[in-house]
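1. How does the following fold in three dimensions:
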Amino acid sequence: MLRSGRRNEGGAAVVDFVLVLVVLVPLFLGVLQVGLVLHVRNTLTAAASEGARYAATADRPLAAGVARTRAQIDAALAARFARDVSAHPATVAGAPGVEVRVTAVVPPLGLWGPGVRLVATGHAVEEVVVP
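-> Have a look, this model is predicted:
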């Protein structure tokens, strides 16, 4: 029964909640995904740079830089991000150096969508021992 011209609004709060939730949940997951991708990218770049500096020190092989990079990534993120790590000689600002490259895929947070493929590189000028 209606009183003084008012309509029955029973259940309207549930409908409003669902309508707002449909917009907010994907927005929240999108922001969270961007934050995750940026965190992983920055961590991979820092680990690749550290590995390149380590491999560029005198009397260290390139494999030592790869191992150092993998250890850094494993400690900061997870070992699955350190599967594709490579090091090779490179020219850095006209000087001989080392480049360490890390390729990883960041999985999506939502129920659908492809992972984000990241490639991070680190460079360092090779130390030269002067006799």
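
2. CA only for contacts and neighbour counts going forward, please
-> Will do.

3. By residue count, tell me the biggest helix in the chain.
-> helix 12-56 (DSSP state H).

4. where in this protein is pLDDT low?
-> 1-6, 110-111 (pLDDT under 70).

5. Now residue 55: closest residue in space, sequence neighbours ignored.
-> Sequence neighbours aside, residue 65 is the residue nearest to residue 55 in space, at 4.3 Å (criterion: Cα to Cα, 6 or more residues apart in numbering).

6. element containing that neighbour?
-> Assigning secondary structure by DSSP states H and E places residue 65 in helix 62-76.

7. Measure how whatever helix or strand comes next after that helix sits relative to helix 62-76, angle-wise.
-> Downstream of helix 62-76, the next assigned helix or strand under DSSP H and E is strand 84-92. Interaxial angle, strand 84-92 versus helix 62-76 (axes from the mean of the first three to the mean of the last three Cα atoms, to 10 degrees): 130 degrees.
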